[in-house]
Structure formats: structure tokens, C-alpha cells
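S.K.: With the sequence up front, the predicted model follows.
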Amino acid sequence: MKNLAILCIALLLNIACTADEPRHLATGIKIGEVTASEAIVWVRLTGNAERIDFGAPMPIVSYTLASTGEPLETVRSRQRDAVPSVEFPDGSSIDTIEGAAPGATGVARVHFRPEADEELRVTGWQKVDPDADFTSQFQLSDLQPGSRYVVRVEYGASRYGKRDFMDGSFRTAPAPDEAAPVPFTVTTGQRYPNRDTDKGFRIYEQLLKLDPDFFVHTGDILYFDQLGKTPALANWHWQRTYSLENLVEFHRNVASYFIKDDHDTLQDDAWPTMETTFMGDMTFDDGIRIFLDQVPMGDKTYRTVRWGKDLQIWLVEGRDYRSANTMDDGPDKTIWGAEQMAWFKRTVQESDATFRVLISPTPVVGPDRTTKRDNHSNSAFAYEGNLLREFIASQDNMVVVCGDRHWQYVSVDQVHGVKEYSSGPASDKHAGGWSNDKVLPEHEYLNVIGGFLAVTVEREDGQPVLVARHYGVGGSILHEDRVPAE
């Protein structure tokens with residue numbers, strides 16, 4: 001009995017000590033997958049209140065040749081026979097390098113209510129999952145359409161000890177029969193070394209000023225290629241990006257939809273069956289899993305969401321189902337896969353929204369560089385690309401918004417007349433790959449510059465209109481396009 005009593009006291013002391021350990025949200029919260037009645041709140045607990053600051057050590061990667069083991073002095077950006085080795089210099093570790101925000105065990109729950117309502121609802125407590133980088137996702141349901149919601153994330157090491165809070169907000173989509181104005185914003189290509197402020201990326205301050213109903217990141221959210229050689233280092237890429245000050249502030253106040261592309265799945269131009277040693281212990285399947293851990297996401301990474309009477313969006317998956325880029329083009333070669341393509345056509349045809357917008361991680365129209373073989377605007381996927389453009393052209397008031405390209409453009413397919421808006425990258429440092437003097441017949445607007453795209457679907461004199469504006473990183477409007485409904 002004495003030993004049992006001592007054991008019980010020890011357990012109680014351990015619980016008390018654990019409950020008093022501080023927990024933090026150094027990587028903030030993310031709110032996503034918002035509909036008229038649902039949303040997901042993403043939470044990740046950390047042991048430190050802030051990220052490891054700039055100037056801390058960075059991992060060093062060296063390479064050998066797979067066939068001989070000989071050191072490689074220079075390595076191409078995606079050399080598939082290169083084998084990486086990672087060194088943590090100066091006694092550092094994955095938890096102490098620049099941008100690290102190590103996760104911690106604990107619990108969280110979410111309080112939420114419409115802004116105009118004083119009655120709070122609250123989810124149950126959930127433990128964060130150490131196998132998912134100490135994250136947890138909360139499904140909010142039975143929400144009111146067309147409403148701003150306030151949320152408060154409550155968290156701690158234990159539900160019985162010290163707890164802290166982080167506040168946020170988001171808007172739900174208007175009901176399908178409501179003709180409400182809907183503004184949203186889009187960007188792509190935010191490579192960490194190309195950030196343009198120590199707070200992160202300047203565009204997020206401008207995006208927050210616009211107060212969009214929602215935000216879409218079309219992929220290349222981060223870049224695993226050079227340093228993401230293990231799953232732990234891939235998670236570190238998410239930590240160092242989403243612990244940046246202006247990203248934390250933005251994502252707790254605006255709902256987002258995330259799409260992954262090649263660089264945040266594995267490496268440049270990746271496909272599921274690619275054989276490579278370049279990424280070390282990191283695999284394509286690891287990239288799929290880590291993406292689902294790090295963003296609020298539902299059952300599928302392709303989905304459609306209705307935003308009121310005048311807008312429906314489609315967000316598609318461009319990596320998981322694709323054929324090898326090197327395969328000969330033809331009816332069997334695909335980026336989307338048969339199931340996703342059938343879903344897309346069916347749901348588009350079923351929609352009665354005034355404007356229908358395909359938001360794609362890669363171009364459908366382009367034009368793109370002739371050396372590229374990765375997207376529907378390239379000759380490598382011309383068969384499926386032509387079928388897709390032909391289908392989109394047969395629909396009333398349907399346009400494409402794309403990411404991936406490091407320049408802004410508005411282009412019109414010269415065969416079918418499909419219009420496409422490229423958002424351009426998140427910073428000027430990341431712009432490139434084209435030149436402003438290379439204006440082709442497809443181009444209605446061309447600018448090799450960083451920034452973002454803002455789209456508003458609204459009504460003027462009772463008539464629906466889609467207004468697309470390209471912005472620079474400092475918030476200046478660079479181009480405006482107005483599309484009245486037919």
C-alpha cells in the first residue's frame with residue numbers, strides 16, 4: 001500500500017508539472033476549407049513562443065554520385081543520380097537551426113461564434129499528434145452562411161493546467177441563392193530565401209488590407225528541393241515559413257485554400273513514379289502526407305466550393321494522379337487522372353453559378369516556355385490540355401486562374417478563347433523565367449514581377465461582373481480586367 005501511495009503521489013506530481021509547462025503557437029493557426037456551413041481550424045503546438053531567429057546555423061547539404069560514391073562539386077537542380085548528405089554545423093540540430101519551431105505535445109479546443117452573436121460554441125478537446133508534426137485539425141459545422149466568425153483557440157500542455165489563447169476570424173460563403181460581392185486573392189511561388197522582409201513576404205500585409213473573403217495559395221508554397229532531404233527537414237520548411245510574423249497574422253484572420261505543387265510535394269517537376277536519389281530519404285508519399293498534416297484539408301485535395309449566386313470555384317490536384325512527364329503524349333497521358341477529370345466536368349455542368357473559376361496549380365493556357373514539360377500548356381500534355389481547354393470554352397462565363405509561373409499575365413487561348421490569369425510569385429526576387437519584351441498574341445497583359453491577383457465577383461447596375469486585378473508586392477494595382485457575364 002505504501003508503494004502504491006508513493007506511485008500515486010508521483011503520478012499526480014508528474015501531471016501537475018506537465019500541466020504547468022507552457023505551450024505556444026509559434027506557427028500560428030490556419031483556417032481553411034470554408035463553405036457556407038463549415039470550416040476547418042488547424043492548430044500546431046510548439047514548445048517555444050517564437051521561431052529560432054535569423055542568423056542561427058543552417059543545414060549544409062553535400063552530394064556524391066550514386067554509381068561511384070564520388071563527391072560532386074556541382075549538382076544540377078534536380079540531378080537524379082546525386083545522393084545528398086546533410087550536416088548540422090556548429091553543434092546545431094533540427095530543433096536549433098534558423099526558423100525551427102519545435103513541436104510539443106498538448107491539447108487544444110476551439111471556441112467560435114458569429115461576430116454579431118454573443119453565444120459561443122466550443123469543440124471538444126483534442127490532443128495534437130506527434131506523428132503529424134504536433135498538429136490537430138478541428139471541423140466546425142452548422143455555421144451561418146455569409147457571416148464573419150470569430151474564433152479563439154484555447155491550448156495547453158494539459159486540459160487541467162495553464163492554458164493560453166489565440167484569436168482569429170473568417171467569413172463563411174454566402175448562400176447559393178444570395179447575390180453577394182465576393183473578393184478573393186491568389187498567389188504562388190513563395191520561396192523562403194526570396195522573402196522581401198524579415199517579417200516574411202510583403203504581400204501578406206497588402207492582402208490583409210484588402211480583407212478578402214478567402215485566399216488561395218496555388219502551390220509552390222515552399223521549396224523542398226535544396227534542403228528538404230528528410231521528412232523532418234520537410235516539416236522544418238513548413239515551420240520556418242509559417243512562423244514568419246506576417247504569415248501568422250494573415251492566416252489567423254483570413255480563410256485559405258491550399259493547393260500543392262511539385263516543390264512542396266518532392267522536387268521540381270515531380271510525379272509519383274519518379275525515380276531519383278536527389279531527395280535522399282524524402283519520398284513523394286512523404287510529401288503527400290506532410291502536406292495533409294500542415295494545412296487544413298478535407299477528404300480530397302480536389303474540391304469545389306460555391307460562394308453565393310455568382311461564384312463557384314474549383315481547386316484541383318495536379319501531382320498525385322499524373323503520368324510521368326517523360327511519357328509520350330496521347331489519350332493515356334494525364335495530369336488530373338480519369339476520376340478527377342470526370343468529377344470536374346460533371347460538377348461544372350451541374351453548376352448554375354454565374355461565374356465559374358478553375359484555380360489550377362499550373363497553367364492551362366500559358367503560353368509557357370518551350371522547354372517545359374510539366375503542365376497543360378506544354379506540348380508534353382497537349383492531348384489532355386486540348387480536351388480541357390475545349391471543355392472550358394464550351395461553358396458560359398468560365399475562366400482559369402493559375403499559379404506556378406514566375407510572372408504575371410492575362411492570356412487568351414488562340415484556338416478556343418479560354419482566358420487565364422497568372423497570379424505571379426509572392427516576391428519580386430522570385431520573378432523570372434520570361435521577359436517583358438516577349439509579348440505574344442495570347443497576352444492581354446504581361447509583367448515579370450512579384451505580387452498577387454485579386455478577383456471580385458460583384459454586381460454593377462444589377463448585372464454580374466468579374467473584376468481581376470494584378471497587384472505588385474507593395475499594393476499598387478498593375479492591371480485591371482473586367483469581364484461582364486454573358
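M.R.: Perfect, thanks for sending it.
S.K.: can you pull out the helices in this structure?
M.R.: 2-20, 203-210, 231-242, 245-251, 284-294, 338-350, 382-393 (DSSP state H).
S.K.: Between the ones you listed, which one is closest to Leu72.
M.R.: Leu72 lies closest to helix 231-242 among those, at 19.4 Å (Cβ to Cβ). (Each C-beta comes from the backbone N, C-alpha and C, glycine too.)
S.K.: for that closest one, packing partners?
M.R.: helix 245-251, helix 284-294 (3 or more Cβ pairs under 8 Å, 6 or more residues apart in numbering; DSSP states H and E).
S.K.: Buried ones in it, by neighbour count?
M.R.: Neighbour counts over helix 231-242 (16 or more other Cβ atoms under 10 Å) mark 231, 233-242 as buried.
S.K.: okay if I get the helices and strands packed on helix 231-242 as CSV plus distance to Ser77 and mean pLDDT?
M.R.: Listed next are the helices and strands packed on helix 231-242 as CSV, based on distance: least, Cβ to Cβ, whole Å; pLDDT from 0 to 100:
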stretch, distance to Ser77, mean pLDDT
helix 245-251, 26, 98
helix 284-294, 17, 98
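S.K.: any chance of those helices in TSV, plus distance to Asp329?
M.R.: Below are those laid out as TSV (distance: least, Cβ to Cβ, whole Å):
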stretch	distance to Asp329
helix 245-251	39
helix 284-294	22
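S.K.: on that earlier part again, between the helices of the chain, which gets nearest to Phe112?
M.R.: Relative to Phe112, the nearest member of these by Cβ to Cβ is helix 245-251, separated by 16.0 Å.
S.K.: picking up where we left off before, with mean neighbour count and distance to Ser136 as added columns, please give the helices and strands packed on helix 231-242 in TSV.
M.R.: Shown next, in TSV, are these (neighbours: other Cβ atoms under 10 Å; distance: least, Cβ to Cβ, whole Å):
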stretch	mean neighbour count	distance to Ser136
helix 245-251	20	16
helix 284-294	20	10
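S.K.: just to revisit the earlier point, using CSV, lay out the buried residues of helix 231-242 together with distance to His111 and pLDDT.
M.R.: CSV is the format used below for the buried residues of helix 231-242 (distance: Cβ to Cβ, whole Å; pLDDT from 0 to 100):
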residue, distance to His111, pLDDT
Pro231, 33, 98
Leu233, 35, 98
Ala234, 32, 98
Asn235, 28, 98
Trp236, 31, 98
His237, 31, 98
Trp238, 26, 98
Gln239, 26, 98
Arg240, 29, 98
Thr241, 27, 98
Tyr242, 22, 98
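S.K.: from the residues you listed, which single one is nearest Arg152?
M.R.: Of all these, Tyr242 has the smallest distance to Arg152: 19.6 Å, by Cβ to Cβ.
S.K.: Which residue, other than its chain neighbours, is closest to that closest one?
M.R.: Excluding its sequence neighbours, the residue lying closest to Tyr242 (Cβ to Cβ, 6 or more residues apart in numbering) is Thr27, at 4.7 Å.
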